[in-house]
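fold the stuff below for me.
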Amino acid sequence: MFRTCVALIAAIGLSACTDLDALARKPEPIGEFSLCFNAVVAPNLVKGPASREASEEEWVASIEQAIDARFRRFEGTQLYHFGVSVNGYVLAHPGVPVVLSPKSAVIITLSVWDDAESKKLNEEPKQITVLENIDGASIVGSGLTKTAEQQMEDLSFNAAALIEKYLREQHKENDWFALRPVEEVTEEDVAEEDANDAETDTSAENAESPEEGDGEEEVRSCILDGQATDGEGETAEDDGAAQDSETLDADGATLDTEDTALENAQPDAEETTPAETSESDETTPELIRPRPRPTGA
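Have a look, this model is predicted:
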């Protein structure tokens with residue numbers, strides 16, 4: 001923390017010039033660089049002496065936006081990540097023009113990660129001290145002419161520009177973003193891959209077919225279980241047939257008994273009722289009785 005404050009005090013007397021129209025032009029590629037993740041944090045943010053107030057969230061949002069605006073324009077074929085920490089800042093208060101015109105500054109540290117290799121390109125984080133521009137407004141002190149938000153915006157813009165400068169230097173000296181060579185596939189690689197595939201297929205076949213001893217026991221057990229099941233099925237069928245036969249016999253006997261009862265209960269169609277017989281007997285003699293002869297004849 002003490003060294004951060006000292007660096008901020010030293011930075012107040014310095015300045016940096018930045019081309020404000022840089023983002024309007026198509027960027028010159030930095031090798032195959034393309035930005036993927038842009039992670040900005042401020043866990044140990046220190047406010048310098050005689051500074052306006054600004055929160056961690058405000059600094060994170062301001063610098064993150066400036067980095068995105070600058071580096072999302074690069075369209076390389078390889079992905080890289082930024083890890084940025086905001087360490088300390090000074091946002092100048094209004095002062096006495098010419099005699100005392102304090103300057104604004106911010107200190108950040110940068111780590112660059114290679115996505116394909118999953119490793120940092122710079123073993124030690126790069127510390128960058130960022131100062132506000134020298135222009136008509138800042139020459140008499142930005143505290144007199146700009147708000148704290150405007151000061152943060154200028155510093156964030158300059159921070160992104162200095163990060164780009166650092167990346168170009170490292171690419172020129174260490175080929176950070178050079179095109180990776182395409183791996184050539186040799187006949188040995190093809191043969192090795194085929195051998196691995198064949199081994200995998202063999203393992204799969206062995207896994208699907210059971211061992212000989214275990215297989216025989218399983219088959220024998222299945223056969224015995226099937227025979228036992230068939231025997232039980234036949235017994236059940238015999239018992240079922242016997243029960244059905246007994247039921248049918250009983251039903252047949254019942255039906256015969258019922259038929260006999262019905263026959264006995266119904267009168268013979270040719271027989272006559274007693275009333276009809278009596279009437280017939282009384283009528284018949286009257287019809288066939290002979291008339292008596294006269295005596296005198």
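
going by C-alpha atoms from here, please, whenever you check contacts or count neighbours.
Noted.

quick one: buried residues of stretch 113-122?
For stretch 113-122, a neighbour-count test (16 or more other C-alpha atoms under 10 Å) marks 113-114, 120-121 as buried.

remind me which residues of this structure are low pLDDT?
Along the chain, segments meeting pLDDT under 70 span 1-21, 95-101, 134-144, 183-185, 203-297.

any chance you could map the helices in it?
2-11, 56-71, 142-145, 148-174, 187-208, 212-265, 274-288 (DSSP state H).

the second one - contacts with which helices or strands?
Read that as helix 56-71. Under the contact criterion of 3 or more C-alpha pairs under 8 Å, 6 or more residues apart in numbering; DSSP states H and E, helix 56-71 touches strand 33-41, helix 148-174.

which among these is found nearest to E53?
E53 lies closest to helix 148-174 among the helices and strands packed on helix 56-71, at 7.9 Å (C-alpha to C-alpha).

quick revisit: how about CSV for the helices and strands packed on helix 56-71, with distance to P49 and mean neighbour count added?
Formatted as CSV, the helices and strands packed on helix 56-71 follow (distance: least, C-alpha to C-alpha, whole Å; neighbours: other C-alpha atoms under 10 Å):
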stretch, distance to P49, mean neighbour count
strand 33-41, 22, 19
helix 148-174, 15, 18
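
dump these to CSV, plus distance to G83.
Converted to CSV, the helices and strands packed on helix 56-71 look like this (distance: least, C-alpha to C-alpha, whole Å):
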stretch, distance to G83
strand 33-41, 5
helix 148-174, 11
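
report how many residues lie close to P94.
Using other C-alpha atoms under 10 Å, P94 is surrounded by 21 other residues.

any idea how far it is from R25?
Distance of P94 to R25, computed by C-alpha to C-alpha, to the nearest Å: 34 Å.

which of the buried residues of stretch 113-122 fall in strands?
Assignment to strands by DSSP state E places the following of these there: 113-114, 120.

which one of those residues is nearest to K165?
The closest of those to K165 turns out to be W113 (C-alpha to C-alpha; 16.8 Å).

tell me the spacing between the closest one and L45.
From W113 over to L45 (counting by C-alpha to C-alpha), the distance is 23 Å.

got the contact list for the closest residue to N44 other than its chain neighbours?
The shortest distance from N44 to any residue other than its chain neighbours is 6.1 Å, reached at N87 (C-alpha to C-alpha, 6 or more residues apart in numbering). Going by C-alpha atoms under 8 Å, 6 or more residues apart in numbering, N87 touches 4, 42, 44-46, 106-109.

reformat the residues you listed as JSON lines; add distance to A54.
Conversion of these to JSON lines gives the following (distance: C-alpha to C-alpha, whole Å):
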{"residue": "T4", "distance to A54": "17"}
{"residue": "A42", "distance to A54": "12"}
{"residue": "N44", "distance to A54": "13"}
{"residue": "L45", "distance to A54": "10"}
{"residue": "V46", "distance to A54": "10"}
{"residue": "V106", "distance to A54": "12"}
{"residue": "I107", "distance to A54": "14"}
{"residue": "I108", "distance to A54": "15"}
{"residue": "T109", "distance to A54": "18"}
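
looking at the helices and strands packed on helix 56-71, which is nearest to E58?
Closest approach to E58 among the helices and strands packed on helix 56-71 is made by helix 148-174 (8.6 Å; C-alpha to C-alpha).

now that closest one and strand 33-41, what's the angle there?
Angle of helix 148-174 versus strand 33-41, following axes from the mean of the first three to the mean of the last three C-alpha atoms, to 10 degrees, is 130 degrees.

can you check what angle separates helix 148-174 from helix 56-71?
Using the same axes, to 10 degrees: helix 148-174 against helix 56-71 is 50 degrees.

same for helix 148-174, what does it pack against?
For helix 148-174, the packing partners by 3+ C-alpha pairs under 8 Å, 6+ apart come out as helix 56-71, strand 105-114, strand 126-131.
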